[in-house]
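Q: next one to model:
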Amino acid sequence: MRTSFTSVKRLLLASGVCLLSAAALTYVVDPLQLFRPSRLAFYSDDTRVQNAGLIRSQSFDTAFMGTSLAIHFRQSDIDRALGVRSLKLAMTGSNSRQQAFVLDQAIDRGARRVIWAMDDFSFVDAADIEADPYLSVDLYRGTAKGIASYVFSAAMAKESLFTVMRSVPPLREPLTRAAPYLPVKFALEDVDDIYALPRNFDVARDYNAKKTLAAFAYITSPVRSRFLGEGYGYEAMVRHFEHDAVGLIARHPDVSFDIYLPPYSILQFVAMRDASPETLKIVTDLTAHIAQRLTQLPNVRLHDFRAIKAVTHDLDNYSDVIHHSPVVDAMVLKWLASGEYRVDPKAPLVSLDQLKAQVEAYRVPRQ
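A: Prediction:
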């Protein structure tokens with residue numbers, strides 16, 4: 001019995017030593033750079049986690065936020081076009097609760113300007129940020145719970161060990177080449193590459209009218225069209241807009257907000273027109289509310305890119321009915337810099353009325 005008890009103690013002691021060693025490794029390497037910036041840092045496309053470290057480790061004056069429509073922008077392009085030092089915090093599939101929370105953290109760390117790609121579907125009803133299962137508020141806030149979940153994470157220990165191995169000169173090049181094919185998240189050497197398309201990416205192959213029309217046919221199919229309005233409810237969306245967007249803006253009157261409505265393809269709205277007209281009404285009513293509210297706030301410039309016919313009717317600009325190509329990314333930055341499509345506070349619904357007319361008149365080309 002005494003031998004068994006001694007073996008259990010040794011096992012527990014060994015387990016504790018391993019756990020503390022792994023925690024110490026994570027603390028020293030700090031793959032997220034929560035505690036200190038690192039010259040040996042690597043970055044992850046898991047933006048909901050990575051953003052917590054970026055906000056603490058990077059130098060920036062401008063935060064760039066959005067969903068998957070804003071995810072492929074490069075910080076270097078934003079900086080060059082707008083004359084800022086930006087931090088891209090866009091998160092695929094993110095809702096307004098997550099976006100507002102992350103922006104709040106970035107503003108607390110020094111962002112004096114926010115560029116926000118505001119998608120209508122980000123205001124669908126979702127969990128309160130404190131109960132969000134996909135974003136750790138404690139990690140961002142640096143609470144004891146958040147730090148413990150970080151340093152005692154087996155996944156982070158694995159990432160830390162891989163970072164140490166890559167710091168050994170003979171291993172750096174082969175492991176860096178192999179990283180995209182290995183079960184590690186922190187594989188990117190340059191913060192500019194986070195969720196950015198490769199510089200040699202074949203745009204025409206993935207963004208073209210054939211793909212866009214195929215996506216339109218898919219989402220308007222009778223067996224799937226009901227999903228067009230999934231999560232859309234006018235009252236709930238207005239409530240989240242007021243709480244998350246207007247609330248954030250009102251709390252930071254010294255921060256300037258450039259908010260833009262992204263240039264979806266015309267087929268996004270035509271799909272609603274043909275297969276879910278009630279959803280289209282919710283979207284246009286919500287847009288009207290957003291335009292009227294935001295244009296009255298003194299620290300907001302609202303830009304509407306939804307009715308730029310030369311772009312939104314050119315289906316070669318899209319990979320589906322909403323996601324536009326890097327060519328359009330560059331246009332968006334140019335439009336933001338020039339203010340060409342800024343919404344006039346005295347006539348906030350002009351661009352929406354133009355969009356409504358285009359949607360009503362549009363006829364889907366035959367494939």
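Q: use CA for all of it now, contacts and neighbours both
A: Fine.
Q: doesn't Val114 belong to a strand?
A: Yes. Counting by DSSP: H, G, I helix; E, B strand; the rest coil, one finds Val114 located in a strand.
Q: please look at it and Gly66 and confirm they touch.
A: No. Using C-alpha atoms under 8 Å, Val114 is not in contact with Gly66; the gap is 10.6 Å.
Q: ok, and the closest non-adjacent residue to Ile219?
A: Ser225 (5.6 Å; C-alpha to C-alpha, 6 or more residues apart in numbering).
Q: er, Phe241 I mean
A: Phe123 (6.2 Å).
Q: how many neighbours does the one you found have?
A: With neighbours defined by other C-alpha atoms under 10 Å, the count for Phe123 comes to 26.
Q: other SSEs contacting the helix or strand hosting Leu267?
A: Element membership for Leu267, per DSSP states H and E: helix 266-275. Where contact means 3 or more C-alpha pairs under 8 Å, 6 or more residues apart in numbering; DSSP states H and E, helix 266-275 is packed against helix 209-220, helix 277-294, helix 350-361.
Q: do that again at 6 Å, thanks
A: Contact partners of helix 266-275 among helices and strands, from 3 or more C-alpha pairs under 6 Å, 6 or more residues apart in numbering; DSSP states H and E: none.
Q: contact partners of it?
A: Under the contact criterion C-alpha atoms under 6 Å, 6 or more residues apart in numbering, helix 266-275 has outside partners 220, 225, 280, 312-313, 321, 359.
Q: settle it for me: which of Val114 and Gly66 has more neighbours?
A: Gly66 (26 against 23).
Q: now do the contacts for that one.
A: Per C-alpha under 6 Å, 6+ apart, neighbours of Gly66: 90, 116-117.
Q: state the distance from Met156 to Asp77.
A: 31 Å (C-alpha to C-alpha, to the nearest Å).
Q: those two: who's more crowded?
A: Between Met156 and Asp77, Met156 has the larger neighbour count (other C-alpha under 10 Å), namely 25 against 15.
Q: give me the low-pLDDT residue ranges for the stretch 1-150 of the chain?
A: 1-15, 17 (pLDDT under 70).
Q: element containing Tyr260, please.
A: Under the criterion of DSSP H and E, Tyr260 resides in strand 256-261.
Q: give me the residues contacting that strand.
A: Residues contacting strand 256-261 (C-alpha under 6 Å, 6+ apart): 113-118, 299-305.
Q: swap the cut-off to 10 Å and go again
A: 62-66, 111-120, 249, 287, 290-291, 294, 297-307, 332, 335-336, 339, 341-343 (C-alpha atoms under 10 Å, 6 or more residues apart in numbering).
Q: before we move on, back to that, out of the contacts of helix 266-275, which end up buried?
A: Taking 16 or more other C-alpha atoms under 10 Å as the criterion, what is buried in the contacts of helix 266-275 is 220, 225, 280, 312-313, 321, 359.
Q: and the nearest residue to Tyr362 once chain neighbours are set aside, how far from Ser122?
A: In space, and not counting its chain neighbours, Tyr362 is closest to Val270: 7.4 Å by C-alpha to C-alpha, 6+ apart. According to C-alpha to C-alpha, Val270 and Ser122 sit 20 Å apart.
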